[in-house]
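Enquirer: sharing a model that was predicted from the sequence below.
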Amino acid sequence: MNELLDILQELHPEIDFETHEALIDKKVLDSFDIVTLISEINNEFDVAIPAEEIIPDNFNSAKALWALVQRLLDEE
């Protein structure tokens, strides 16, 4: 999770990603951020996020995003 938090902090150092629960709903993350996140997650964790998983629920919080990464890693 710390690696994911580091990636998020690089995008928006002003946000407390450990507590923020509405990153998409509050427009903290935009489409460019999502594309960057997907690329960084692929590089860091060697996991590809399929198009059908690119939904707001999976990106609204660091916890949700980490759960997605863990689920994808478990499916390998």
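Expert: Received the coordinates, thanks. As the structure is a computational prediction, the values presented were derived from the model and not from experiment.
Enquirer: now do the contacts for the residue nearest to the spatial centre of the chain.
Expert: The structure's the chain has its C-alpha centroid closest to residue 65; by C-alpha atoms, centre = their mean the separation is 4.3 Å. Neighbour list for residue 65: 4, 8, 37, 41, 58, 59 [criterion: C-beta atoms under 8 Å, 6 or more residues apart in numbering]. All C-beta atoms are positioned from the backbone trio N, CA, C, and that covers glycine.
Enquirer: quick one: residue 30 from residue 59, how far?
Expert: According to C-beta to C-beta, to the nearest Å, residue 30 and residue 59 sit 11 Å apart.
Enquirer: now swap in residue 4 and tell me
Expert: Distance, residue 4 to residue 59, using C-beta to C-beta: 12 Å.
Enquirer: please apply the same query to residue 2.
Expert: Taking C-beta to C-beta, one finds residue 2 at 18 Å from residue 59.
Enquirer: residue 30 and residue 59: who's more crowded?
Expert: residue 59 (21 against 11; other C-beta atoms under 10 Å).
Enquirer: name the nearest residue to that one, sequence neighbours excluded.
Expert: Spatial nearest neighbour of residue 59, excluding adjacent residues (C-beta to C-beta, 6 or more residues apart in numbering): residue 24 at 5.3 Å.
Enquirer: any idea where the strands of this protein begin and end?
Expert: Using DSSP state E, the chain contains no strands.
Enquirer: show me what contacts residue 58?
Expert: Residues in contact with residue 58 (C-beta under 8 Å, 6+ apart) are 64, 65, 67, 68.
Enquirer: same thing but 7 Å
Expert: Under the criterion of C-beta atoms under 7 Å, 6 or more residues apart in numbering, the neighbours of residue 58 are 64, 65, 68.
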